[in-house]
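In: My questions concern the predicted model and sequence given below.
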Amino acid sequence: MSAKTLYDKLFDSHVVTEENGTALIYIDRHLVHEVTSPQAFEGLRLAGRKPWRKDSIVATADHNTPTNGWEKGLDGIADPISRIQIETLDSNIKEFGAKAYFPFMDKGQGIVHVMGPEQGATLPGMTVVCGDSHTSTHGAFGALAHGIGTSEVEHVMATQCLVQKKSKSMLVRVDGKLGKGVTAKDVALAIIGKIGTAGGTGYAIEFGGSVIRALTMEGRMTLCNMAIEAGARAGMVAVDDATINYVKGRPYAPKADQWAAAVAYWRTLVSDDGAEFDATVVLNGDDIQPQVTWGTSPEMVVGIDGMVPDPANESDATKKGSMERALQYMGLQANTPMNEISIDKVFIGSCTNSRIEDLRAAASVAKGKKIAGTVKLALVVPGSGLVKAQAEAEGLDKVFKEAGFEWREPGCSMCLAMNADRLESGERCASTSNRNFEGRQGLGGRTHLVSPEMAAAAAIAGHFVDVRSFN
Amino acid sequence: MQAFTQLNGLVVPLDRANVDTDAIIPKQFLKSIKRSGFGPNAFDEWRYLEHGEPGMDNSKRKINPDFVLNQARYQGASVLLARENFGCGSSREHAPWALEDYGFRVIIAPSFADIFFNNCFKNGMLPIVLSADDVDALFEETEASEGYKLNIDLSEQSITSPSGKSYKFDVDAFRKHCLLNGLDDIGLTMQHQDAIKAFETKHKAVQPWLFN
C-alpha cells in the first residue's frame, strides 16, 4: 500500500460514494451558529425534512451576541434584528434537536471554534463542518474541518453528507525553533505573507515541522484557523501526545471504556513516511519575527522591524494598484517604520486568539502597566464562558482591568463587528483577529493583525512595538 | 434551484483583486433570517456614500458615482468581470445571494476563493475561471465598448464575444449537470440514502466514540 498523507486518510475514511472524482463524504460533527443556519433550518422545514443525525449537531450563539449588558438578558441586545437571529437559533434547536446547545449567556457559550474543542466536541479523525470559514481551526486535532455555505449546512443536516472533490495536498513545514515573543499567530501571518491569500486555494494544508510539533493545541488552533486566510478550506496538524492530552477528560470526549481504542486509532492520524504532497512550502522558524499587517489583506504583512512597503517598488500593475488603494484606506505612508504607527483601539479576542493561553500571554505583557492615554478603548473578549471563568480563576481579569482594558463577555465581538463592538471610521486598531479587510471591524476602520502579546504591548505603548524588547 | 443554460448578458468590469465577501455583503446585513432581498446591499460600502443598515430605503441613499456598478452604461449587467481570488474570506452564502439578487448570473475571474465558488453553484450562478490574459482582454474590450455583452453557453462551455471570439472554459461535470437541470443537491444525495446508512454502520464499528 502506498504511503498516505493525513489528508488522504481523513478524506478516504469518510467517502460514502464516489463517481468521476466527485465524492459524498460523511460528516461526523456539525457545528451550528445563529448567522448561517436560519435559512438552512427554514429549508428543512419547507421540504418537510428532519436532521439525518441530530446528535452530530453542536450549537451556540456567538456572532451577534453582545459582550456587555448581560444583566439585562435578551433585552440587553440593542439591535432587534440581532435579537431575532439569536431567538431563531433557540427555536430551531428546540424544534430540530442537537447533541448539545450553548445558548446566549449559557456558561458554555462561546465562539463556535473555541467551544467545540474545549467541549471535546471536536475529536481527532472527525470530519467537522460549520457555516463559517474559520472551521479550519478544528484541523488542529488531526480532523478534516471545512467551512461551508448555508446551502451546504442544510445539505449536511438533511443527509449527513457533503458533496466534495478531493483537494490537492500541501505541506507547510516550519523548521527550527521560534524565538521568544514569536507565536503561532506570527507563524500563520508569515506563511500567508509568503504564499499569499490565494496560495492555498484548491489545497488542504498540513502544517508540520519542528515548530508545529512544539506548539500547544491553542497555538495549533490559531495556525489552522488562518489556513482559510491562505485560501485553503482546510488546515491540519498530525495527532501527537499534545492532541491526546488536550482531548482527555473533556465533556464529549470518549469515556474510559472507549478511550484506549480511540487513542490507538488517533495515533494513526499522521502522514506516512514517504507520503507525497502536491506542493511543499518550507519556512525557518528562527527567521520569523513578530508580524504586523499594514494593508487590507492578511498577505499585506511585515515583521515589526520592517516598514510599510512602497508601491513604487512593485512591478505588477494589479498588485501595485491594490497596494496604493490599501495605503490610502489605511491612511499610511510608504516607508513608515511599523513601530511608529499609533493606534486608537485594541481588540484581544476572536476565534484566532481568545483562548486561555492567548489571554495569559497578553496579561503577562500588560501586568503592572497602564494602557497609553491615547488609546481610546482596549477590549479583551474571552472566547467562551469557560475561558472567561478560567481566566478569572487565574486573576487575569484583574491584570487587564488594572491596566485599563475592558473585560467583556464572550463572543465574536469586534472581529467582525456584527454586535455593538466596532471601530469608527478612521480609527486604527491592533487586533488579534484574522481579517484586515476594508470595513471588517466597522465602516472605515483600519485593522492591523497581530498576536495577543503584540496587541497588549501596543495598547501600553500607544503604537506598535517589538514585544521582544518591550518591558 | 433555478437552472442555468445560456445567457447573453451585459458585462460590468470590477477591476480589483481579492474582493472579499465582507465587501460583497457587509456584516450588518447578515442578521436577516431570509435568503432573499440582499441585492440592494451588494457592495454596500462601495456603492453608497453613507453607511447602510438593514431596513433602510436604499433608493433614498446617496450613491457613489465613481463606483463602477453605479455607472449608467452598466445598468442591467448580469455578467460580473472580476480579478483574482474573487470572493475570498468569510463563507457567508449571503454573498452569492446578494450578487444573484442584484441580477448577476455569471462571474468571470482568473481565480475564485473555494467556498464562494462552491456557494455560487448552489444558487444557479456560474463562476467561470479564464486565464489572466483572457480576463485582461475582456476588461479592455468591456471598457472600450459601451453595451458590451457576452454570450455564455454552459452546455458548450463557451463564451462568445461580440466580435465572435470564443473562449472555452472548464466546469466540473457534476456541477454542470446540476446547473443545467436546476437540480437540488439534497434530492440527489437522498438517492444514496442506503449507501449513507451502510457507511454509517461500518463507520460506527470502527469509531464507535463518534456516535456517543
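Out: Noted; the coordinates are in hand. Numbering: from 1, shown residues only, chains lettered A, B, ... in the order given.

In: Apart from its neighbours in sequence, what residue is nearest A:Arg29?
Out: Using C-beta to C-beta, 6 or more residues apart in numbering or on different chains and skipping residues adjacent in sequence, the residue nearest A:Arg29 is A:Val128, 4.5 Å away. Quick note: C-beta positions are derived from backbone N, CA and C, even for glycine.

In: Ok, B:Ala77 next?
Out: B:Val12 (3.8 Å).

In: helix, strand or coil for that neighbour?
Out: Following DSSP: H, G, I helix; E, B strand; the rest coil, B:Val12 is assigned to strand.

In: That one touches B:Leu81, doesn't it?
Out: Yes: using C-beta atoms under 8 Å, B:Val12 makes contact with B:Leu81 at a distance of 6.7 Å.

In: which neighbours do those two share?
Out: The overlap between the contact sets of B:Val12 and B:Leu81 (C-beta atoms under 8 Å, 6 or more residues apart in numbering or on different chains) consists of B:Thr142.

In: Which of the two has more residues huddled nearby?
Out: B:Leu81 (26 against 22; other C-beta atoms under 10 Å in any protein chain shown).

In: neighbours of the residue lying closest to that one once chain neighbours are set aside, just the number please.
Out: In space, and not counting its chain neighbours, B:Leu81 is closest to B:Pro13: 4.6 Å by C-beta to C-beta, 6+ apart. B:Pro13 has 22 neighbouring residues, counting by other C-beta under 10 Å.

In: Skipping its backbone neighbours, what lies nearest B:Asp134 in space?
Out: Nearest non-adjacent residue to B:Asp134, counting by C-beta to C-beta, 6+ apart: B:Tyr167, 5.7 Å away.

In: who in the stretch 351-471 of chain A is up against chain B?
Out: A:Leu416, A:Ala417, A:Met418, A:Arg435, A:Phe437, A:Glu438, A:Gly439, A:Arg440, A:Leu443 (C-beta under 8 Å from any C-beta of the partner chain).

In: separation between the spatially closest residue to A:Phe470 that is not a sequence neighbour and A:Ile304?
Out: Nearest-residue entry for A:Phe470: A:Ala457, 4.6 Å, with adjacent residues in sequence omitted and distances by C-beta to C-beta, 6+ apart. A:Ala457 is 10 Å from A:Ile304, where distance means C-beta to C-beta, to the nearest Å.

In: Find the residues that touch each one of these two.
Out: What both A:Ala457 and A:Ile304 touch, as defined by C-beta under 8 Å, 6+ apart, is the set A:Val465, A:Asp466, A:Val467.

In: my guess is the last one meets A:Ala457, correct?
Out: Yes: with contact taken as C-beta under 8 Å, A:Val467 and A:Ala457 are classed as touching, separated by 4.5 Å.

In: More neighbours: which of those two?
Out: Shown here are A:Val467 and A:Ala457; by other C-beta under 10 Å, A:Ala457 has more neighbours (29 against 26).

In: Local confidence estimate at that one?
Out: As predicted, A:Ala457 sits at a pLDDT of 98.

In: show me the contacts for it.
Out: Counted by C-beta under 8 Å, 6+ apart, A:Ala457 has contacts A:Val365, A:Val465, A:Asp466, A:Val467, A:Phe470.

In: where does the residue lying closest to A:Ile77 once chain neighbours are set aside fall, helix, sheet strand or coil?
Out: Once flanking residues are discounted, A:Ile77 sits nearest to A:Arg83: 4.2 Å by C-beta to C-beta, 6+ apart. Three-state assignment for A:Arg83 (three-state DSSP): helix.

In: where's A:Arg83 relative to A:Phe104, distance?
Out: From A:Arg83 to A:Phe104 the distance is 9 Å (C-beta to C-beta).

In: what's the overlap in contacts for the two?
Out: A:Leu74.

In: tally of neighbours for residue 206?
Out: In the absence of a named chain, this looks at chain A. The burial count for A:Glu206: 29, using other C-beta under 10 Å.

In: you looked at the wrong chain, it should be chain B
Out: 11.

In: hang on, isn't it packed against A:Ala264?
Out: No: between B:Val206 and A:Ala264 there is no contact under C-beta under 8 Å: 11.3 Å.

In: can you map out the strands along chain B?
Out: Secondary structure of chain B by DSSP state E: the strands cover B:6-13, B:79-81, B:106-109, B:126-129, B:149-153, B:158-160, B:166-168.

In: Tell me which of these is the most buried.
Out: Per-stretch averages of neighbours, counted by mean count of other C-beta atoms under 10 Å in any protein chain shown, single out strand B:79-81 among the strands of chain B, with a mean of 27.

In: quick one: the nearest residue to B:Ile63 once chain neighbours are set aside from B:Ala144, how far?
Out: In this structure, B:Ile63 finds its nearest non-sequential neighbour in B:Asn70, 5.0 Å apart by C-beta to C-beta, 6+ apart. Computed as C-beta to C-beta, the B:Asn70 to B:Ala144 distance reads 20 Å.

In: same question, A:Gly219
Out: 52 Å.

In: Settle it for me: which of those two has more neighbours?
Out: A:Gly219 (24 against 8).

In: ok now do the more buried one, which residues does it touch?
Out: Taking C-beta under 8 Å, 6+ apart as the test, what A:Gly219 contacts is A:Thr183, A:Ala184, A:Glu357.

In: redo that, cut-off 10 Å
Out: A:140, A:178, A:183-185, A:187-188, A:211-212, A:237, A:242, A:355, A:357-358 (C-beta atoms under 10 Å, 6 or more residues apart in numbering or on different chains).

In: In terms of pLDDT, where does B:Asp185 sit?
Out: pLDDT, B:Asp185: 89.

In: State the helix or strand in which A:Leu379 lies.
Out: strand A:377-380 (DSSP states H and E).

In: Name the residues of the helix or strand just after that strand that are buried.
Out: Going down the chain from strand A:377-380, the next helix or strand is helix A:385-393, by DSSP H and E. Using 16 or more other C-beta atoms under 10 Å in any protein chain shown as the test for burial, helix A:385-393 gives A:Gly385, A:Leu386, A:Val387, A:Lys388, A:Gln390, A:Ala391.

In: just those now: which is nearest chain B?
Out: Taking C-beta to the nearest C-beta as the measure, chain B lies nearest A:Leu386 of those, at 20.3 Å.

In: isn't that closest one right next to A:Val114, touching?
Out: Yes: at 8.4 Å, A:Leu386 counts as touching A:Val114 under the criterion of C-beta atoms under 10 Å.

In: Which neighbours do those two have in common?
Out: Common neighbours of A:Leu386 and A:Val114 (C-beta under 10 Å, 6+ apart) are A:Ile356, A:Pro410.

In: What segments of the stretch 101-250 of chain A are helices?
Out: Assigned by DSSP state H, counting those that start in this stretch, the stretch 101-250 of chain A shows helices spanning A:112-119, A:150-159, A:184-195, A:210-214, A:217-225, A:241-247.

In: who wins for proximity to A:Lys345 among these?
Out: helix A:184-195 (18.2 Å; C-beta to C-beta).

In: Could you export the closest one as PDB, CA atoms only?
Out: In PDB, the C-alpha atoms belonging to helix A:184-195 read as follows (Å, rounded to 0.1, in the frame of the first residue of the first chain):
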ATOM      1  CA  ALA A 184       1.600  30.700  16.300                       C
ATOM      2  CA  LYS A 185      -0.100  33.900  15.100                       C
ATOM      3  CA  ASP A 186       3.200  35.200  13.700                       C
ATOM      4  CA  VAL A 187       3.800  31.800  12.000                       C
ATOM      5  CA  ALA A 188       0.400  32.000  10.400                       C
ATOM      6  CA  LEU A 189       0.900  35.500   9.200                       C
ATOM      7  CA  ALA A 190       4.400  34.800   8.000                       C
ATOM      8  CA  ILE A 191       3.100  31.800   6.000                       C
ATOM      9  CA  ILE A 192       0.300  33.900   4.400                       C
ATOM     10  CA  GLY A 193       2.900  36.600   3.700                       C
ATOM     11  CA  LYS A 194       5.000  34.000   1.800                       C
ATOM     12  CA  ILE A 195       2.300  32.100  -0.100                       C
END
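
In: Fine by me, thanks again.
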